[in-house]
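Visitor: Model the structure of this input:
(one chain, ligands or ions: 2)
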Amino acid sequence: MRNWRGKRLRKLSFNKVREHIEVFNSGSVSDFNELQSLNDGNGSSRNPFEELKVDASYDNLLLSMEDTELEDKVLIKEIDEASSQDGGEPPHALRQEDTLTLNRDYIAFSDSSAGEEEDHNSTDDEVSSESSKSPMENAQPEFNPNFPWLLNQDHSQEKQISQWLTQEIKDFVAYISPTGSEIISRNRAVQKIRKAVRSLWRDSDLHVFGSYATDLYMPGSDIDCVVNSTSMDKENTQYLYELARHLRDENLAVQIEVISRTRVPIIKFIEPHSNLHIDVSFERLNGIEAARLIRGWLRETPGLRELVLIIKQFLAARRLNDVHTGGLGGFSIICLVYSFMNLHPKIRTQEIDPLDNLGVLLIDFFELYGKNFAYDDVALSFNDDHFPVYVPKSHWKSLLPVRNSFALAIQDPMEHSNNISRSSFNMRVIKKAFAGAFDLLTNKCYELNMATFKDRVGESILANVIKYKGERRDFQDDRAFVENRAILENEKFHRKRARTLYRSGKPAEDVFLDPSDDDLITGGHDDTEMYRLDEPAKKKLKKKKKATPTQRTKTVTPVKKSKQKSSSKHPRQSIDSLMGLSDHDGDTERSSVEPTRSETGNAANLKRATVDAQTRRDYWFSKGQALAKGSW
Ligand SMILES: Nc1ncnc2c1ncn2[C@@H]1O[C@H](COP(=O)(O)OP(=O)(O)OP(=O)(O)O)[C@@H](O)[C@H]1O
Ligand SMILES: [Mg+2]
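Guide: Ligands and ions are numbered 1, 2, ... in the order given. This is a model prediction of the structure:
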């Protein structure tokens with residue numbers, strides 16, 4: 001029934017929809033959104049930064065964060081008690097498989113809203129009780145547990161359906177972005193553990209990497225830490241147990257697991273005051289380097305954070321984000337989304353502004369990795385500038401022999417011999433989930449495009465593929481007001497390291513920074529102090545926030561030419577040349593596709609490895625055909 005309806009809608013409205021989601025199909029993106037003034041004039045839009053101004057001084061803000069934190073602590077106690085009662089049952093592998101392999105999770109999800117949809121669609125000629133109200137009466141939806149990010153938000157009057165989806169993505173990101181008390185809680189947890197490590201081993205220090213050091217964390221994300229020492233021996237099993245005992249005795253760790261017989265030995269535990277999950281690894285710098293690299297990617301790629309968070313939640317809701325069960329880990333997700341955005345012809349040629357086109361980019365992502373990507377033949381790699389490139393798998397010799405040719409292969413930008421997605425053996429299910437998401441999103445777009453404005457009220461597009469079942473949140477993205485100390489310390493680490501390297505002339509891996517250097521480690525702040533931005537920085541941030549429409553500003557930006565500056569790394573090129581469809585493989589194209597790494601170790605296998613022009617031609621041709629057939 002659903003499929004039939006989808007096909008009928010596709011057939012009827014394909015041309016019409018193409019006009020509305022023009023950004024997919026042509027370079028003409030100059031449409032003006034006539035609803036902008038309507039939305040601008042909506043007095044109910046709530047800008048958190050405006051609110052802070054009304055709230056009085058910045059000091060008051062800090063005070064209220066302290067209060068929130070105290071409340072949080074009470075709540076955490078309750079959670080602890082509750083979790084100790086139900087015995088913290090681990091997820092059951094078989095039960096998980098049932099829902100995942102059958103992909104029932106997202107089907108069930110759309111089924112759950114199917115009742116509404118049935119009503120909605122089977123009564124084309126009838127007037128439902130909801131639609132009998134005027135759209136403006138319904139314009140501010142109340143809290144809906146299926147799509148909590150739409151609280152007081154209504155995009156049903158967006159003329160372009162793709163803009164509706166873009167707005168919803170921004171709503172979602174604003175919804176899950178961290179509050180001040182969450183950031184403080186993370187900062188303090190790390191600070192306490194660091195102190196404990198330094199008191200146990202005077203030659204050691206603890207650093208944060210992973211999503212907390214890149215601002216890509218979800219509310220429940222773990223904190224990845226690494227202990228490095230001058231003696232470089234802390235990866236030894238005896239030290240792992242010593243630290244585990246020490247943290248337990250200091251009341252800084254519960255539910256401790258010491259995992260020592262793996263390639264990367266770690267201690268996993270929960271920090272009881274914040275209830276945060278912490279992973280501690282030992283004697284490696286890769287993660288600290290990767291955090292800096294990823295922050296660079298985020299700075300130069302607008303929209304990357306938004307898409308990464310959406311894909312993370314998409315996979316988490318389906319339990320497809322855990323590498324231990326074959327899922328896709330956070331690092332692989334970042335690499336996939338970053339390469340997708342960098343190799344997207346319309347972004348590369350600066351024809352679209354990614355932040356204004358998150359909706360179409362999300363659909364395009366699902367299409368690429370759900371329908372078109374040649375997992376059997378193509379690996380994702382990074383060249384010397386850490387710029388993403390696709391390479392034939394056959395050119396990456398250390399990948400072979402592989403047990404399963406249908407596997408995602410992503411070369412670690414930090415360590416070229418490492419395939420970061422080697423454990424993601426569930427790729428078929430993940431691909432199916434992406435393909436399903438593409439179908440669900442496009443069908444919903446077609447359906448809403450056909451619907452009257454009245455019938456669109458109370459609908460969500462994103463909820464067809466994203467679930468968020470966490471505790472209700474309050475849309476308070478406080479990243480501009482409370483500094484993430486993991487980022488600050490990571491930046492200091494790199495600055496200091498660069499200076500030390502410069503002075504010593506030693507290779508990077510031989511240099512260890514003195515942990516007693518407080519300026520490096522704590523930035524001169526004690527462990528209870530909150531970071532405050534100084535006044536000029538605060539003003540700058542407020543200004544910046546105003547200039548960039550956030551979820552709460554409700555400003556609808558018409559699709560327009562990208563305002564991104566050209567960078568020498570991303571020269572403006574024709575789409576044909578980027579797609580590899582130009583008759584000759586010119587130098588410009590070659591430099592953007594081929595790795596230029598010198599011939600050392602495994603990297604030698606990648607030298608001059610490239611997907612040939614014919615493969616690229618076939619890929620884009622099949623994509624074009626899919627478009628023409630209306631499968632998107
Ligand atoms: N397979 C891997 N090979 C090498 N390094 C990895 C690998 N997986 C993770 N890492 C390192 O650990 C860091 C954290 O990885 P993780 O998969 O936890 O992602 P994350 O960004 O922290 O996401 P999440 O919020 O889901 O935890 C990465 O940034 C990377 O430095
Ligand atoms: Mg992590």
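Visitor: Based on its surroundings, how many neighbours for the residue of the chain found nearest ligand 1?
Guide: When scored by C-beta to the nearest ligand atom, the chain has Gly330 as its residue closest to ligand 1, at 2.1 Å. Backbone N, C-alpha and C define where each C-beta goes, glycine included. Residues lying near Gly330 (other C-beta atoms under 10 Å) number 24.
Visitor: cool, and the one 10 residues further on?
Guide: Phe340: 21 surrounding residues under other C-beta under 10 Å.
Visitor: In the stretch 351-500 of the chain, where is pLDDT below threshold?
Guide: Counting by pLDDT under 70, the ranges of the stretch 351-500 of the chain that qualify are 400-403.
Visitor: correct me, but Val280 touches Val226?
Guide: Yes - using C-beta atoms under 8 Å, Val280 is in contact with Val226, at 7.0 Å.
Visitor: residues shared between the contacts of the two?
Guide: With contacts taken as C-beta atoms under 8 Å, 6 or more residues apart in numbering, Val280 and Val226 have Leu206 as neighbours in common.
Visitor: Now do the same contact list for the residue nearest to the residue of the chain closest to ligand 1 when sequence neighbours are not counted.
Guide: Leaving aside its chain neighbours, Gly330 sits nearest to Ser211 (5.5 Å; criterion: C-beta to C-beta, 6 or more residues apart in numbering). Applying C-beta under 8 Å, 6+ apart, we find Ser211 in contact with Tyr217, Met218, Ser221, Asp222, Asp224, Gly330.
Visitor: Break down the stretch 151-300 of the chain into its strands, ranges please.
Guide: Applying DSSP state E, counting those that start in this stretch to the stretch 151-300 of the chain gives strands spanning 204-209, 223-229, 254-259, 266-271, 276-282.
Visitor: Can I get those in TSV including mean pLDDT, mean neighbour count and distance to Glu142?
Guide: TSV is the format used below for the strands of the stretch 151-300 of the chain (pLDDT from 0 to 100; neighbours: other C-beta atoms under 10 Å; distance: least, C-beta to C-beta, whole Å):
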stretch	mean pLDDT	mean neighbour count	distance to Glu142
strand 204-209	97	24	38
strand 223-229	98	23	34
strand 254-259	97	14	37
strand 266-271	98	20	34
strand 276-282	98	21	31
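Visitor: ok so, going back, among the contacts of Ser211, which ones are in helices?
Guide: Judged by DSSP state H, the subset of the contacts of Ser211 located in helices is Gly330.
Visitor: Among the contacts of Ser211, which ones lie close to ligand 2?
Guide: With C-beta under 5 Å from the ion as the criterion, the contacts of Ser211 include Asp222, Asp224 near ligand 2.
Visitor: okay if I get the contacts of Ser211 as JSON lines plus distance to Lys496?
Guide: Supplementary listing: those in JSON lines, determined by distance: C-beta to C-beta, whole Å:
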{"residue": "Tyr217", "distance to Lys496": "25"}
{"residue": "Met218", "distance to Lys496": "30"}
{"residue": "Ser221", "distance to Lys496": "27"}
{"residue": "Asp222", "distance to Lys496": "26"}
{"residue": "Asp224", "distance to Lys496": "21"}
{"residue": "Gly330", "distance to Lys496": "27"}
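Visitor: Taking the contacts of Ser211 together, which two end up most distant?
Guide: Largest separation among the contacts of Ser211 by C-beta to C-beta: Met218 and Asp224, giving 13.6 Å.
Visitor: List the buried residues in the helix or strand containing Glu306.
Guide: Per DSSP states H and E, Glu306 falls inside helix 304-317. Of the residues in helix 304-317, 304-317 count as buried by neighbour count, 16 or more other C-beta atoms under 10 Å.
Visitor: is ligand 2 contacted by it?
Guide: No - using C-beta under 5 Å from the ion, helix 304-317 stays clear of ligand 2, coming no nearer than 10.3 Å.
Visitor: Tell me the helices and strands packed up against that helix.
Guide: Other elements packing on helix 304-317 under the criterion 3 or more C-beta pairs under 8 Å, 6 or more residues apart in numbering; DSSP states H and E are helix 161-176, helix 286-300, helix 330-343, helix 358-367, helix 427-450.
Visitor: which one of those lies closest to Arg479?
Guide: The nearest among the helices and strands packed on helix 304-317, by C-beta to C-beta, is helix 161-176 at 10.9 Å.
Visitor: Report the angle between the closest one and helix 304-317.
Guide: Inter-element angle recorded for helix 161-176 and helix 304-317: 80 degrees (by axes from the mean of the first three to the mean of the last three C-alpha atoms, to 10 degrees).
Visitor: So what does Lys234 look like in phi/psi?
Guide: Note on Lys234: backbone dihedrals following degrees, to the nearest 10 are phi -80, psi 0.
Visitor: List the contacts of it.
Guide: So Lys234 contacts Trp201, Ser204, Val227, Asn228, Leu240, Leu243, Phe282, Glu283 (C-beta under 8 Å, 6+ apart).
Visitor: let's see 6 Å
Guide: Contacts for Lys234 (C-beta atoms under 6 Å, 6 or more residues apart in numbering) come out as Val227, Phe282, Glu283.
Visitor: For ligand 2, give me its nearest residue in the protein.
Guide: In the chain, the residue that lies nearest ligand 2 is Gly210 (3.6 Å; C-beta to the ion).
Visitor: In this model Val226 seems to touch that residue, though I could be wrong.
Guide: No - contact criterion C-beta atoms under 6 Å: Gly210 and Val226 do not qualify, at 9.4 Å.
Visitor: follow-up on the earlier one: which member of the contacts of Ser211 is positioned nearest Asn144?
Guide: Met218 (20.0 Å).
Visitor: what about that closest one, neighbour count?
Guide: Using other C-beta under 10 Å, Met218 has 18 other residues around it.
Visitor: what pLDDT does it get?
Guide: pLDDT, Met218: 96.
Visitor: what do you get for Ser131?
Guide: On the pLDDT scale, Ser131 is placed at 37.
Visitor: cool, and Asn60?
Guide: Asn60 is assigned 27 on the pLDDT scale.
Visitor: picking up where we left off before, please produce TSV containing the strands of the stretch 151-300 of the chain, extended by distance to Glu459.
Guide: Below are these laid out as TSV (distance: least, C-beta to C-beta, whole Å):
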stretch	distance to Glu459
strand 204-209	40
strand 223-229	37
strand 254-259	41
strand 266-271	39
strand 276-282	35
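Visitor: Run through who's touching the helix holding Glu306.
Guide: With contacts defined as C-beta under 6 Å, 6+ apart, helix 304-317 is touched by 169, 173, 216, 218, 298, 321, 328, 333-334, 337, 341, 358, 466-467.
Visitor: now do 7 Å
Guide: Taking C-beta atoms under 7 Å, 6 or more residues apart in numbering as the criterion, the residues outside helix 304-317 that touch it are 105, 169-170, 172-173, 176, 215-216, 218, 297-298, 321, 327-328, 330, 333-334, 337-338, 341, 358, 361-362, 365, 437, 465-468.
Visitor: wait, isn't Leu441 in contact with Ile363?
Guide: Yes - contact between Leu441 and Ile363 holds when scored by C-beta atoms under 7 Å: they sit 5.3 Å apart.
Visitor: Any chance you could note which residues of the chain sit beside ligand 2?
Guide: Contacts of the chain with ligand 2, taken as C-beta under 5 Å from the ion, map to Gly210, Ser211, Asp222, Asp224.
Visitor: go with 6 Å
Guide: Taking C-beta under 6 Å from the ion, the part of the chain that reaches ligand 2 is made up of Gly210, Ser211, Ser221, Asp222, Asp224, Gly330.
Visitor: list the contacts for the first one?
Guide: When the contact criterion is C-beta under 7 Å, 6+ apart, the partners of Gly210 are Asp224, Gly287, Gly330.
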